[in-house]
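return a 3D structure for these sequence lines:
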Amino acid sequence: MQIDVDNTLAKQVQNIHPDIQGLVQQLLTEWIRQYGTVSSSQADQVVELYPYVYVNDDGSARELTTDEKAYLETPFHPADSGRPYIKSNYKAKDGWGSISGFCSRADLPKHIKVKPK
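Coordinates of the predicted model:
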């Protein structure tokens, strides 16, 4: 399957319902990497995943909702206690000892699969 990086594929993915967009992006990226004729770097240009995920209390991870993405993209003053907490690494715990919270996708261990929102 040859995919033209300049086609409208990325726009088509953006037009999918937000609740399943992350799952479609993951599936498409893996399909291209495994079966397509484009390189991994080209596949990343076609489908770019959001850089953050949410880690649940049980250690699983999920894609962010549209509201959570907007919250992370909102400018906050550094001293604002309402600003989002982004974990420094996957195993980091908050002040209550919970592992849950926003985490960089790059900091997830390889064995953790990101679930749809």
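
now do the same for Gln34: its pLDDT.
The score at Gln34 is 70. That number is its pLDDT.

ok, now His111?
At His111, pLDDT is 92.

count the neighbours of it for me.
Using other C-beta atoms under 10 Å, His111 is surrounded by 5 other residues. The C-beta positions use only the backbone N, C-alpha and C, and glycine is treated the same way.

wait, isn't Arg105 in contact with Val114?
Yes - contact between Arg105 and Val114 holds when scored by C-beta atoms under 8 Å: they sit 7.3 Å apart.

the two: who's more crowded?
Neighbour count, other C-beta under 10 Å: between Arg105 and Val114, Val114 has more, with 20 against 15.

beta-bridge partners for the closest residue to the more buried one other than its chain neighbours, please?
Closest residue to Val114 apart from its sequence neighbours, by C-beta to C-beta, 6 or more residues apart in numbering: Ala61 at 4.9 Å. Following DSSP bridges, Ala61 is listed with bridge partners Val55, Val114.

name the residues that touch the helix or strand harbouring Lys69?
Using DSSP states H and E, the element containing Lys69 is helix 66-73. Contacts to helix 66-73, defined as C-beta atoms under 8 Å, 6 or more residues apart in numbering, come from residues Pro18, Tyr50, Tyr52, Tyr54, Leu64, Pro84, Ile86, Phe102.

in what helix or strand does Val24 lie?
Following DSSP H and E, one finds Val24 within helix 18-35.

if we can go back for a sec, make TSV out of the contacts of helix 66-73 and add pLDDT, neighbour count and distance to Gln34.
Compiled in TSV, the contacts of helix 66-73 are given as follows (pLDDT from 0 to 100; neighbours: other C-beta atoms under 10 Å; distance: C-beta to C-beta, whole Å):
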residue	pLDDT	neighbour count	distance to Gln34
Pro18	62	14	26
Tyr50	90	15	22
Tyr52	94	20	25
Tyr54	97	19	26
Leu64	94	21	25
Pro84	91	13	34
Ile86	92	13	31
Phe102	96	16	29
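
take these and lay them out in TSV including distance to Glu73 and secondary structure.
Listed next are these as TSV, based on distance: C-beta to C-beta, whole Å; DSSP: H, G, I helix; E, B strand; the rest coil:
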residue	distance to Glu73	secondary structure
Pro18	15	helix
Tyr50	10	coil
Tyr52	10	strand
Tyr54	15	strand
Leu64	10	coil
Pro84	10	coil
Ile86	12	strand
Phe102	12	strand
